[in-house]
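*Asks:* Have a look; sequence and predicted model below, questions after that.
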Amino acid sequence: MVTPTKEDGKMGIPKAQGFIAGLTAATMKGVGTYKSKDGTQYAGSWLRDEKHGLGTKKYANGDMYEGLWKNGKPGGPGMYRWIDKSEYNGEWVQGRMHGRGTFIWPTGERYDGEWTEGRENGRGVFTWADSSFFDGLWAVGLKHGIGVWSPPLELKKDVHSPTPKKGSVTETGVESEGEGVDLKDLYTIRRMMLQEYSEGQLLREEVASQTFCAQYQPPYSVLMSAIKSKDAKKLKRKKKKKQKQVGETIFKGHRSYDLMVNLQLGIRWSVGRMNPADDRDINSNDFTQVIGERSFPREGSDETPPHPSGDFKWKDYYPMVFRKLRERFGIDAGLYVNSLCGDAALRELSSPGKSGSIFFLSQDDRFIIKTMKKEEMTKLRQMLPKYLAHVQQHQHTLLTKFFGLHRIKPHKGRKVRFVVMGNLLATDLHIQRRFDLKGSWLGRYTDKSKQVEETTILKDLDLDVVFKLESGWRDKMLEQIRVDCQLLEVLGVMDYSLLLGVHFRDTSNPALAAKLAVQSEVSQDSGTETEMFDDKTARSAHLTLTGEVSGPLSSVEEEGSSASKQKQTTLVSKEGAIAKALNYRPWKAHTNRSLQTVAASRPGRTMSLRPISYAEGSTDAMAQIDGLGTVALGSNIAATAIPHRVMSWPDKEAGEARPTLLDGPADVVLHFGVIDILQDYNVTKQVEHSFKSLYHTAKSISSCDPIAYSKRLQKYMEQVFL
């Protein structure tokens, strides 16, 4: 029934022939691209001359595979698309479809369910193009066991523009928070058939009762094929759980409303005036190019639109340089403008530091706008050439990503300088803990009288865990921190820190959930979606339509039914057993795959408590689901959190420490990066260091010379990440 898959192993070619980048000691290792003479091309991760990790292969005949590789063959989550437009999206083992996955034929048929060595095997749903379907058991590509057959579904005539009802299952596999009709109210089910097969041959079938048909919930993929496309699109919208938004939304009359309007008008004008065809290399003149002040009168002009705020003047610094930076970090110009200058308002954040700067957050959380002091702007302008060269050379740099530098001069007002940066903690995952780590301990703790919330920025002495990363990732991280710190040493920068966001994969533990101050339902995407059916459900699948039991007792027998004790069942009890047997929905785990569902699939641990590489829920798996071409260091990094304090708590100075968060190891996902990289070791900082050194150990003071600061931070990171 399924088109045979292609297998690909170790390539028998001269080493490095046609290979671009990642060559180590005549061995293909790291990230690189290989092109063969027949037109086949692979771009992705390598290990010992074999494709290993996240990668994409385009075959000479037009086929393509994108996903995880293991020892030269597809292994893990991945998508294979044939030239005839057939497509399989799911799990692979040794180059074969194995696990959970969806196969879609170009004629419109599809199979959602379990696979073994390239064949349908286990629980699955086959849907025809007309939305009729069979939901049941399979063996070696054939129907084998009990199942339910349904004729095509029909959308009810009185249903228009459906909105999922609260509590109904949407495509994302989570409960919708909207109000409206339930999915089961959208369609009409004609009489269904209970069937039993043996190696593809129909043995017997019976008409299902009206009660069974009314209670049966068809697969979501079946429903989508049954309703109109315009209504299907509405149902396909993701319904995320509403979380507490960070910051205060700016509204008309807000103290920062005029400034927000000025920012959005200026950014839209700056990006819009860039010629897309002017794609050239950066030269020295671009680091001196400043677009003179552009007036934005309230009533508008030939080049500027009218606006509700007062008159202001706008200055744009180094537009070509920041355009290259946006391109380097994969930021599309249209999305950039829409995120910052769309219909939704920005949000103002309370200043997390002592700088007094104002922070604004874009409506999608991807970008942060920070007001700057004149000294900070001067520093950024000075370091920009070396910064650009550094981020172009180092793909996995952890330094703050800068996207724009501007200045506003309101009419009869003070100049406001600001920079646009990337938000390190912009993710679909729920960040429950945030840490600002410098490696010093003088005053590096939060006020214990205040309750720790998800948005609280904790500090070094508050950190009571260490993190074990997947094999190899600790070395990559520490090496990148070393390289980044070397640049900051050369630039004379200090007082920067590592911002660390922690997502706890399992908040079903009541004790941990209480400490995190979150409700257990916050992980709506986890739970049953990633669980295999239990033993009772598996045993109930052996119940036949005649009431015979093959193997252990069925779930109906275990519930004490008198009919089952006599090994005979009524139609009602048979339907109940079938309903329980089919309760597990294998299509949900892969047709609705999202970062949340993959992150909820904990990858397991090695004997040393490290997360297992390339497993479901691993760093590579999350990168593949998140749509990235390769793992981005600092984003969606799998780790195990282990209770341990790197720094001793200074009892005399700070009193008693907060209670520890964890009682044992916990699976987490990390986001991290280096922030606040614009502080010179100037006279003020030198005096601060000298004065505090009279009363405290020099190593405990945050302010110190750039070289000592860099070495201390690197040593601290070696203790925090194991």
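*Replies:* The structure has been received and is ready for your questions.
*Asks:* any idea how far the residue sitting nearest the centre point of the chain lies from Leu346?
*Replies:* In the chain, the centroid-proximal residue (C-alpha atoms, centre = their mean) is Leu595; its distance is 4.3 Å. In this view, Leu595 and Leu346 are 25 Å apart by C-beta to C-beta, to the nearest Å. For glycine as for every other residue, the C-beta is placed from the backbone atoms N, C-alpha and C.
*Asks:* re earlier: from what I can see the residue nearest to the centre of the chain touches His503, true?
*Replies:* No - here Leu595 does not reach His503: they are 10.0 Å apart, not a contact under C-beta atoms under 8 Å.
*Asks:* Can you work out which residues contact both of those two?
*Replies:* Thr427, Leu429 (C-beta atoms under 8 Å, 6 or more residues apart in numbering).
*Asks:* Assign a three-state SS to Glu66, would you?
*Replies:* With DSSP: H, G, I helix; E, B strand; the rest coil as the basis, Glu66 sits in strand.
*Asks:* which residue packs closest to it, ignoring adjacent ones?
*Replies:* Thr56 (4.4 Å; C-beta to C-beta, 6 or more residues apart in numbering).
*Asks:* got it, and Met494?
*Replies:* Closest residue to Met494 apart from its sequence neighbours, by C-beta to C-beta, 6+ apart: Tyr709 at 4.2 Å.
*Asks:* In what element of secondary structure is that neighbour found?
*Replies:* Assigned by DSSP states H and E, Tyr709 belongs to helix 706-720.
*Asks:* what mean pLDDT would you report for that helix?
*Replies:* Mean pLDDT, computed over helix 706-720, is 93.
*Asks:* List the buried residues for it?
*Replies:* Residues Pro706, Tyr709, Ser710, Arg712, Leu713, Gln714, Tyr716, Met717, Val720 are the ones in helix 706-720 that count as buried (16 or more other C-beta atoms under 10 Å).
*Asks:* Only C-alpha atoms, please: export it in PDB.
*Replies:* Provided in PDB are the C-alpha atoms of helix 706-720 (Å, rounded to 0.1, in the frame of the first residue of the first chain):
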ATOM      1  CA  PRO A 706      37.200  43.200  31.100                       C
ATOM      2  CA  ILE A 707      39.800  40.400  31.100                       C
ATOM      3  CA  ALA A 708      39.100  39.400  34.700                       C
ATOM      4  CA  TYR A 709      35.400  39.800  34.100                       C
ATOM      5  CA  SER A 710      35.500  37.400  31.100                       C
ATOM      6  CA  LYS A 711      37.600  34.800  32.900                       C
ATOM      7  CA  ARG A 712      35.300  34.800  35.900                       C
ATOM      8  CA  LEU A 713      32.200  34.400  33.800                       C
ATOM      9  CA  GLN A 714      33.600  31.600  31.800                       C
ATOM     10  CA  LYS A 715      34.700  29.700  34.900                       C
ATOM     11  CA  TYR A 716      31.200  30.200  36.400                       C
ATOM     12  CA  MET A 717      29.600  28.800  33.300                       C
ATOM     13  CA  GLU A 718      31.700  25.700  33.500                       C
ATOM     14  CA  GLN A 719      30.200  25.100  37.000                       C
ATOM     15  CA  VAL A 720      26.600  25.800  36.000                       C
END
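*Asks:* Give the other helices and strands that it contacts.
*Replies:* Where contact means 3 or more C-beta pairs under 8 Å, 6 or more residues apart in numbering; DSSP states H and E, helix 706-720 is packed against strand 433-437, strand 465-469, helix 473-491, strand 497-504.
*Asks:* Just the residues contacting that helix, thanks.
*Replies:* Applying C-beta under 8 Å, 6+ apart, the contact partners of helix 706-720 are 437-440, 460, 463, 466-467, 477-478, 481-482, 485-486, 488-489, 491-498, 646, 681, 699, 704.
*Asks:* correct me, but Pro308 touches Val261?
*Replies:* Yes - the criterion here is C-beta under 8 Å, and Pro308 meets it with Val261 at 6.3 Å.
*Asks:* Those two - which one has more neighbours?
*Replies:* Taking other C-beta atoms under 10 Å, Pro308 and Val261 do not tie; Val261 has more neighbours (21 against 9).
*Asks:* any chance you could map the helices in the stretch 201-350 of the chain?
*Replies:* Here the stretch 201-350 of the chain has its helices, by DSSP state H, counting those that start in this stretch, at 210-215, 220-226, 229-235, 257-272, 319-328, 333-341.
*Asks:* looking at those, which has the lowest confidence?
*Replies:* Lowest mean pLDDT within the helices of the stretch 201-350 of the chain: helix 229-235, at a mean of 45.
*Asks:* quick one: Trp149 is in a strand?
*Replies:* Yes - remark: Trp149 belongs to a strand, assigned using three-state DSSP.
*Asks:* Now it: closest residue in space, sequence neighbours ignored.
*Replies:* Leaving out its chain neighbours, the residue that sits closest to Trp149 by C-beta to C-beta, 6+ apart is Met193, at 4.5 Å.
*Asks:* hey, C-alpha coordinates of the regular element (helix or strand) spanning the residue nearest to Glu66 in CSV?
*Replies:* Using DSSP H and E, Thr56 falls within strand 50-58. What follows is strand 50-58, C-alpha atoms only, in CSV (Å, rounded to 0.1, in the frame of the first residue of the first chain):
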residue,chain,number,x,y,z
GLU,A,50,27.9,10.0,7.7
LYS,A,51,24.8,12.1,7.8
HIS,A,52,24.0,12.4,11.5
GLY,A,53,21.7,15.0,13.1
LEU,A,54,19.4,17.5,11.4
GLY,A,55,19.7,17.7,7.6
THR,A,56,17.9,17.9,4.3
LYS,A,57,18.6,15.7,1.3
LYS,A,58,17.4,16.4,-2.3
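*Asks:* Quick one: mean pLDDT over that strand.
*Replies:* pLDDT averaged over strand 50-58 gives 86.
*Asks:* Show me where this structure dips below the pLDDT cut-off.
*Replies:* 1-26, 153-190, 211-245, 275-278, 351-355, 507-593, 625-629, 649-658 (pLDDT under 70).
*Asks:* related to what we said a few turns ago, packing partners for the strand holding Thr56?
*Replies:* strand 41-47, strand 64-70, helix 619-625.
*Asks:* Past the second one, which element shows up next along the chain?
*Replies:* Which is strand 64-70. strand 73-81.
*Asks:* Next, the buried residues of that following strand.
*Replies:* In strand 73-81, counting by 16+ other C-beta under 10 Å, buried: Lys73, Pro74, Gly75, Gly76, Pro77, Gly78, Met79, Tyr80, Arg81.
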